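S.K.: mind looking at a prediction? Sequence and model below.
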Amino acid sequence: MATPLRIAWWRRRRTRDLLFQAALIAGVLLLFGIMANNAIQTVERQHIATGFGFLDHTAGFDVVQTLVRYDETSTYGRVLLVGILNTLLVAAIGIVLATLLGFLVGIGQLSSNWLVARLARSFVEIVRNLPLLLQIFFWYFAVLRALPGPRESWGVADAVFLNNRGLYLPAPVAESGFGFVMLAFAAGAIASIFMFLRAKAVRERTGRVSPVAPGTTALLVVPALLASAAAGFPMSFSVPALSGFNFQGGIVVLPEMMALVVALATYTASYIAEIVRAGIEGVARGQTEAAQALGLNRGQMLRLVIVPQAMRQIIPPLTSQYLNLTKNSSLAVAIAYPDLVSVFAGTTLSQTGQAIEIIAITMAVYLTLSLLTSAFMNWYNARVALTER
Amino acid sequence: MRSTIMRFAALAVAGMLALAPAFAAPSPTLAKVKKNGFLRCGVNEGLPGFSVPDTKGEWAGMDVDFCRAIAAAIFNDPKKVRFFPTSAKVRFTALQAGDFDVLSRNTTWTISRDVQIGLEFIGVMYFDGQGFMVPKSAKVTSARQLDGASVCTNTGTTTELNLADYFRANKMKYKVIAFERNNEVISAYDKGRCDAYTTDASGLYAERLKLTKPDDHIVLPEIISKEPLGPAVNQGDQPWGDLVRWTFFAMLNAEELGVTSKNVDQMLKSPNPEVRRLLGVEGAFGESLGLTKDWAVRIVRHVGNYGEVFERNVGQGSPLKIKRGMNALHTKGGLQYAPPVR
Ligand SMILES: N[C@@H](CCC(=O)N[C@@H](CS)C(=O)NCC(=O)O)C(=O)O
């Protein structure tokens, strides 16, 4: 009588798998341990300051663009905030522009118009194949070369000015009674959302499409306008004016920011265009034919049938383009745009010498931004995913 | 029995070696440099007079020559140096991480760099101060007229901080446009992005040469800061700091004692005890630095004394034509002063 085959415990597959995994983890931990130990020893031997106390110390330098109040007496912690906001600003504008341009070019590549398709194709081929840093320099020095000095500024209506120091725009300044206008606007906005939702419900129930755009727009604008007329237009503008070397007043869009945004947006758009093209080409031909059979025109066909289906294939790679754009914005330092890497991982690092802490914080910030972006895009992806009824 | 005696003898010799002052605590950095066969030296990416590569990739300048002097002292060969161009922004991190053995890159000695960043400054190679350059067309004659100006500069420098101090102290407004690399600062200023360019005065004269029309720009009279520029090493290897420091002092003492690259061989016969000690004819100072007796002879023969290095790179023998000024020896009314070799 044969006894059932028994495998010794250490030869069992599961045990072995576990052992290998444990060994790997131990190895990785050991590696990190050695690295940490190495860093600690270097820091001690070379008497390098450590800890996060520096975040409370006075920075002592100025930053040319800050979205929150900041001056030379602010702390390094504040510099960190300024840097994060400046990074978010270019990333957000860059993502919006790259998406718009990318979809336009992507759809353009499939156009039946030969010229449009060619142009779109060449754009993708050229922009995608040149190093981004080169493009940033190109745009920056092209912008600087093309624009006049402050005294010879190009002006529109004596309120908007463009020169090699930036684009100067009038800045709205709220006056008393402005809260009333905001309230009216909020009420209008809520009403317009209701209107939109109702129209959607009607469409889903009855299939009747009624145009809502004029109604919702009116709701957004009219109450606010009426309210401000009633309150005697409680808003003034700080208009930029030349005084001394530069324009003062208003808001300024720096040439560094224009160049960076244009470079990031066009570069990323060339990748998005390819993703969009692939996404659309991936939608079954039968869908187009069915849409044509229903009598939809080309615009409706794209908007209602093709793009929504293509989105499912577009969104995941689109997410990584958004992440790339955000990370690529760290090339800003080359042209003096004060982003996180420039003012924090650059200036703050060289003023304090605390490389380990500062690089760790910087990495944590980028990681958080990336995870948040991914989380948002995953949520959106789940929403547009095929819902089978 | 026999082997026990041998062991005792070996122990005794080792003990004596450990106690003998001439062989005291060898420098780990020096040992590494000798093992590599060359010195690793962090320099500026391109600052005429201080550190610039020529068309053949050969480096030249005061900061560069200082590293050559260290190599001459160690290897009797000034060519045994490898240069590592670094931006102002990354220089300290690179030195801390051990990318090079000495940082010789127009670096200002400040308390934060000395104490918090953990550098060891070995002396002041060049006494400098910060100034401004403006286009002549702006019709500005004093830095006090720069209220509201846009100013281009380098990030990660003392320059950036002094600029903030100066405008704050004088209650003036400004916009700082801070680039990482010199080339971008200069092209941006050249293309009119800024009303003024600010850096160390020596740097202003050097960088002006890179502008499309250098003569259309002037340097304003104000010097707004103290910029004692000097080489630095990492803390934690005192003997290495000593070696680098005394290389510099040897160059200063040589100038003071009239020892030049031309006459150093005759000077070996000099009856002057100070010269004899410097050149290693008397005393064993070279050995105590971990070098040879003739360490200073090597430095002066291959690279020259401080005055020769100054004139050749930034002084009358160069396009910069900078006067000795504060950098003259103390005996000639300047600030350069080295402790004696004795
Ligand atoms: N001495 C100052 C300034 C040194 C400095 O970096 N100056 C600029 C202008 S002369 C420079 O050398 N830049 C070269 C570069 O970063 O590529 C300091 O130590 O912070």
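M.R.: Good, I have the coordinates. As the structure is a prediction and not an experimental result, all values here were calculated from the model.

S.K.: burial count for the residue in the stretch 151-300 of chain B positioned nearest to chain A?
M.R.: Residue nearest to chain A within the stretch 151-300 of chain B: B:Gly156 (3.3 Å; Cβ to the nearest Cβ). Yep, even glycine has a C-beta here, placed from its N, CA and C like the rest. Applying other Cβ atoms under 10 Å in any protein chain shown, we find 24 residues neighbouring B:Gly156.

S.K.: who are the contact partners of the residue nearest to it when sequence neighbours are not counted?
M.R.: Take B:Gly156 and drop its neighbours on the chain: the residue closest to it by Cβ to Cβ, 6 or more residues apart in numbering or on different chains is A:Ser350, 3.3 Å away. Neighbour list for A:Ser350: B:Ala88, B:Lys89, B:Val90, B:Arg91, B:Phe92, B:Thr93, B:Thr155, B:Gly156, B:Thr157 [criterion: Cβ atoms under 8 Å, 6 or more residues apart in numbering or on different chains].

S.K.: do the one helix or strand A:Ser350 maps to and the ligand meet?
M.R.: Applying DSSP states H and E as the criterion places A:Ser350 in helix A:349-352. No - remark: helix A:349-352 sits outside contact range of the ligand, by Cβ under 6 Å from any ligand atom, the gap being at least 8.2 Å.

S.K.: with stretch A:327-344 instead?
M.R.: No - Stretch A:327-344 stays clear of the ligand (Cβ under 6 Å from any ligand atom), getting no nearer than 11.6 Å.

S.K.: try stretch B:75-87
M.R.: Yes - Stretch B:75-87 comes into contact with the ligand (Cβ under 6 Å from any ligand atom), by way of B:Ser87.

S.K.: which residues does that stretch contact?
M.R.: Residues contacting stretch B:75-87 (Cβ under 8 Å, 6+ apart): B:37-46, B:51, B:53, B:59, B:64, B:67-72, B:74, B:94, B:99-100, B:103, B:105, B:154, B:156, B:180-181, B:292, B:298, B:302-303.

S.K.: thinking again about what came up before, from the contacts of A:Ser350, pick the one nearest A:Ile48.
M.R.: Comparing the contacts of A:Ser350 against A:Ile48 with Cβ to Cβ picks out B:Phe92 as the nearest, at 9.3 Å.

S.K.: follow-up on the earlier one: let me know the average pLDDT across the helix holding A:Ser350.
M.R.: Computed over helix A:349-352, the mean pLDDT rounds to 91.

S.K.: how about the residues of chain A near chain B?
M.R.: A:42-43, A:45-49, A:60-64, A:72, A:141, A:144-145, A:149, A:164-165, A:243-246, A:248, A:255-256, A:333-336, A:338, A:342, A:346-347, A:349-353, A:355 (Cβ under 8 Å from any Cβ of the partner chain).

S.K.: report the contact partners of the one residue in the stretch 1-150 of chain B that gets nearest to chain A.
M.R.: Of all residues in the stretch 1-150 of chain B, B:Ile117 sits closest to chain A, at 3.2 Å by Cβ to the nearest Cβ. Applying Cβ under 8 Å, 6+ apart, we find B:Ile117 in contact with A:Ile48, A:Ala49, A:Thr352, A:Gly353, B:Phe92, B:Gln96.

S.K.: could you rerun that using 6 Å?
M.R.: A:Gly353, B:Phe92 (Cβ atoms under 6 Å, 6 or more residues apart in numbering or on different chains).

S.K.: dihedrals phi and psi, it?
M.R.: phi -80, psi -20 (degrees, to the nearest 10).

S.K.: next one: it, what pLDDT does it get?
M.R.: On the pLDDT scale, B:Ile117 gets 90.

S.K.: and B:Thr4, by the same measure?
M.R.: 54.

S.K.: what do you get for A:Arg389?
M.R.: For A:Arg389, pLDDT reads 49.

S.K.: coming back round to it: what's downstream of the helix holding A:Ser350, the next helix or strand?
M.R.: Counting by DSSP H and E, the element that comes right after helix A:349-352 along the chain is helix A:355-384.

S.K.: I'd say B:Arg298 and B:Ala72 touch.
M.R.: Yes - the criterion here is Cβ atoms under 6 Å, and B:Arg298 meets it with B:Ala72 at 4.6 Å.

S.K.: now residue 112, what's its secondary structure?
M.R.: I'll assume chain A. Assigned with DSSP: H, G, I helix; E, B strand; the rest coil, A:Ser112 falls in the coil class.

S.K.: next, give phi and psi for the residue lying closest to B:Gln336 once chain neighbours are set aside.
M.R.: Take B:Gln336 and drop its neighbours on the chain: the residue closest to it by Cβ to Cβ, 6+ apart is B:Leu329, 5.0 Å away. With angles defined as degrees, to the nearest 10, B:Leu329 sits at phi -60, psi 160.

S.K.: what about B:Leu329, distance to chain A?
M.R.: With distances taken as Cβ to the nearest Cβ, to the nearest Å, B:Leu329 is found 32 Å from chain A.

S.K.: tell me which of the contacts of A:Ser350 fall in helices.
M.R.: Judged by DSSP state H, the subset of these located in helices is B:Arg91, B:Phe92, B:Thr93.

S.K.: now those residues as JSON lines including distance to the ligand?
M.R.: Below are these laid out as JSON lines (distance: Cβ to the nearest ligand atom, whole Å):
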{"residue": "B:Arg91", "distance to the ligand": "8"}
{"residue": "B:Phe92", "distance to the ligand": "10"}
{"residue": "B:Thr93", "distance to the ligand": "14"}
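
S.K.: and those residues, which are buried?
M.R.: B:Arg91, B:Phe92, B:Thr93 (16 or more other Cβ atoms under 10 Å in any protein chain shown).

S.K.: now do the contacts for the last one.
M.R.: Listed by Cβ under 6 Å, 6+ apart, the contact partners of B:Thr93 are A:Ala355.

S.K.: report the buried residues of stretch A:365-372.
M.R.: A:Val365, A:Tyr366, A:Leu369, A:Ser370.

S.K.: next step: the residues of chain A next to chain B restricted to strands.
M.R.: Members of those lying in strands (criterion: DSSP state E): A:Ser243, A:Asn246, A:Gln248.

S.K.: how is chain B partitioned into domains?
M.R.: As assigned by automatic domain parsing, chain B contains the domains B:28-127+B:229-329, B:130-225.

S.K.: first-to-last residue distance for the first one?
M.R.: According to Cα to Cα, to the nearest Å, domain B:28-127+B:229-329 extends 33 Å from its N-terminal end residue to its C-terminal end residue.

S.K.: need the pLDDT of residue 255.
M.R.: You didn't pick a chain, so chain A it is. The model's pLDDT for A:Pro255 equals 94.

S.K.: should've been chain B
M.R.: With respect to pLDDT, B:Glu255 has a value of 98.

S.K.: contacting residues for it?
M.R.: B:Asn305, B:Tyr306, B:Gly307.

S.K.: among those, which one has the most neighbours?
M.R.: B:Tyr306 (27 neighbours).
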